[in-house]
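Colleague: Based on what follows, work out the 3D shape:
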Amino acid sequence: MTIRTQAFDKKNIIVTGGAGFLGSHLCDALVTKHKVICIDNFSTGVEENIHHLLSNPNFEFIRHDITQPLDLNILRELKAFQVPFQGIQEIYHLASPASPKDYVKMPVETALANGVGTRNMLEVAKTYGAKFLFLSSGAIYGTSTEKTPFPENYFGYVDPVGPRSAYTEGKRYAEALTVVYRQAYNLEAKIVRLFNTYGPRMRLSDGRAIPEFIAAATDNRPITVYGSRTDTSTFLFLTDALEGILRMMASKEVGPINIGSPDEHSFQQVAEIIIKSAGGRPEIREEPHLPYTLKQATPSIRLARETLGWFPVVKLEEGLRRTIEYLRGTRTFGMESIHFDEQE
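Modeller: Reported below is the predicted structural model:
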C-alpha cells in the first residue's frame, strides 16, 4: 500500500454509482470543496443527474463498469487531478442497483457490483491508502419475528437463494470483504447500512413505493399498494441520508452503523400525504405482494446518535412535499442540487 500525502487543498475523492439518485447528490455536496471523480456505467444512473457538473473543473465523469479493474494512472481525463502525485484520499462506494425491480432484472450485475466491484474499489483504496466507505443496506438484516428495531449486532435472517439474494447476499459479502481488507491491509474501511431513502432524482419507475405513489397521483391514477395498506415501513429523506454518510466518513468510526429513520409509517399514511400534496384520485388499491418484496427492518439508530451525533431531522410530510414540488418543476427526477453543510 502506497500512502500519498495530500499535496493540495482539495482532496481527490471517488464516488462510484455517482450518476445515480443518491450518488449524484453526494457528488454535488463534495464538489463544493474537493475534486470528485464520478464513476458510473449508467446501468441505473443517468447522465441528466450529473449534467450540471460536467463543466465544473473539480468534477470528472468516468464511464466504467467497476466489475472491471480500474487503473487511474492511464485515464487521460484525470490529468488535471494529478493522481500519481496527489493520490486518492477518499472513496465512497455506492455502485449497485438498489431497487427490487432493478436487481431482479439484473441479478448477475447486482451480485458482481457488490462482490467483484467492491474488491476492485478496495484495491484502489489499498493502492492509495484512501479512506473507504461501503454503502451497505438495511436489507442485510432480512426478516425477523421480533418487532424491535434492529441493532448493528443483529445477524439477520436472510434467504441466500431467494429472489432478493443477488442484492442481500451481495451486500453481506461486500461487508465481509470490507472488514477483511481493513484487517489485512490496515485500511480505514467503513460500513454504513442505509435504510429506505427517498427524494429528488429517484426514477419514477424504479418500483419503490414513494416514486410509484407520486407517479400515480400526478397522473391521476389510483395508488396501488402491494400487500396491505396497513403494512409499515420507514422512510429517510435524502439530505438526512447524505448527512449521515458524510459524518461517517469524517469520523473515526468504521461501523457498521445504521443510517435510517426509526419512525414507521403505514403505506396508507404515505399515500394520503401524497394525495393531499399532489392531488389525484383519493383511491388506494391493494394488490398481492410481489415475489421480490420484503418488509424492510426498522433500524436502531442509537449508535449513530452516540458516535456521529446524527439523527433524521426531515419529517415525512416535509420530505414528500419537497419531492413532489421538485417533480412538478421537472416531471422527471434529475438536475437539481440540494445543498447542505458537509461535516469536516
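Colleague: OK, contacts around the nearest residue to residue 97 once chain neighbours are set aside?
Modeller: Nearest residue to residue 97 in three dimensions, chain neighbours excluded: residue 103, at 4.4 Å (C-beta to C-beta, 6 or more residues apart in numbering). Every residue, glycine included, has its C-beta placed from N, CA and C. When the contact criterion is C-beta atoms under 8 Å, 6 or more residues apart in numbering, the partners of residue 103 are 96, 97, 110, 164, 166, 167.
Colleague: For these, which single residue is the most surrounded?
Modeller: Within the contacts of residue 103, most neighbours by other C-beta atoms under 10 Å means residue 96, with 30 neighbours.
Colleague: That one: what's it in contact with?
Modeller: By C-beta under 8 Å, 6+ apart, the residues touching residue 96 are 17, 103, 110, 113, 114, 117, 135, 167, 170, 171.
Colleague: From those residues, which land in strands?
Modeller: If you go by DSSP state E, these have residue 135 in strands.
Colleague: From the contacts of residue 96, pick the one nearest residue 214.
Modeller: Closest approach between the contacts of residue 96 and residue 214, by C-beta to C-beta: residue 103, at 21.6 Å.
Colleague: Let me know the pLDDT of that closest one.
Modeller: The model reports residue 103 with a pLDDT of 76.
Colleague: Likewise for residue 290?
Modeller: 71.
Colleague: Then residue 329?
Modeller: Residue 329 is given a pLDDT of 67.
Colleague: Would you mind listing which of the contacts of residue 96 are buried?
Modeller: 17, 103, 110, 113, 114, 117, 135, 167, 170, 171 (16 or more other C-beta atoms under 10 Å).
Colleague: For the last one, give its distance to residue 160.
Modeller: Computed as C-beta to C-beta, to the nearest Å, the residue 171 to residue 160 distance reads 12 Å.
Colleague: now do the fifth one
Modeller: Applying C-beta to C-beta, the value for residue 114 to residue 160 is 14 Å.
Colleague: Then residue 323?
Modeller: 34 Å.
Colleague: Would you map the helices across the stretch 1-150 of the chain?
Modeller: 21-31, 83-86, 100-105, 107-114, 116-128 (DSSP state H, counting those that start in this stretch).
Colleague: Tell me the helices and strands packed up against the first one.
Modeller: With contacts defined as 3 or more C-beta pairs under 8 Å, 6 or more residues apart in numbering; DSSP states H and E, the secondary structure elements packing on helix 21-31 are strand 12-16, strand 35-40, helix 238-250.
Colleague: Tell me what angle the last one forms with helix 21-31.
Modeller: What separates the directions of helix 238-250 and helix 21-31 is an angle of 60 degrees, with axes from the mean of the first three to the mean of the last three C-alpha atoms, to 10 degrees.
Colleague: and if you look at the shortest one?
Modeller: Between the direction of strand 12-16 and that of helix 21-31, the angle (the same axes, to 10 degrees) works out to 170 degrees.
Colleague: roughly how far is the helix or strand of the chain with the lowest mean pLDDT from the heart of the chain?
Modeller: Sorted by mean pLDDT, DSSP states H and E, the helices and strands of the chain end with helix 100-105, the least confident at a mean of 79. Here helix 100-105 is found 15 Å from its chain centre; the criterion is C-alpha atoms, centre = their mean, to the nearest Å.
Colleague: For it, buried residues please.
Modeller: In helix 100-105, the ones that count as buried by 16+ other C-beta under 10 Å are 100, 101, 102, 103, 104.
Colleague: Kindly report the same for stretch 255-265.
Modeller: 255, 256, 257, 258, 259, 260, 261, 262.
Colleague: Pull up the per-residue confidence for the residue lying closest to the last one once chain neighbours are set aside.
Modeller: In other words, residue 262. In space, and not counting its chain neighbours, residue 262 is closest to residue 301: 5.4 Å by C-beta to C-beta, 6+ apart. Listed pLDDT for residue 301 reads 97.
Colleague: Equivalent analysis for the one 10 residues further on, please.
Modeller: According to the model's per-residue confidence, residue 311 sits at a pLDDT of 97.
Colleague: Ok, residue 63 next?
Modeller: pLDDT, read off for residue 63, is 96.
Colleague: hang on, it packs against residue 45?
Modeller: No - the criterion here is C-beta atoms under 8 Å, and residue 63 misses it with residue 45 at 10.1 Å.
Colleague: one step back: could the buried residues of helix 100-105 be laid out in JSON lines, adding distance to residue 215?
Modeller: Output for the buried residues of helix 100-105, formatted as JSON lines (distance: C-beta to C-beta, whole Å):
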{"residue": "100", "distance to residue 215": "16"}
{"residue": "101", "distance to residue 215": "13"}
{"residue": "102", "distance to residue 215": "16"}
{"residue": "103", "distance to residue 215": "20"}
{"residue": "104", "distance to residue 215": "19"}
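Colleague: OK, contacts around the closest residue to residue 237 other than its chain neighbours?
Modeller: Leaving aside its sequence neighbours, residue 237 sits nearest to residue 319 (C-beta to C-beta, 6+ apart; 3.5 Å). By C-beta under 8 Å, 6+ apart, the contact list for residue 319 reads 198, 199, 235, 237.
Colleague: Go again with 10 Å.
Modeller: By C-beta atoms under 10 Å, 6 or more residues apart in numbering, the contact list for residue 319 reads 197-199, 210, 235-240, 261, 273, 312.
Colleague: I'd assumed it was in a helix, is it?
Modeller: Yes - the assignment for residue 319 by DSSP: H, G, I helix; E, B strand; the rest coil puts it in a helix.
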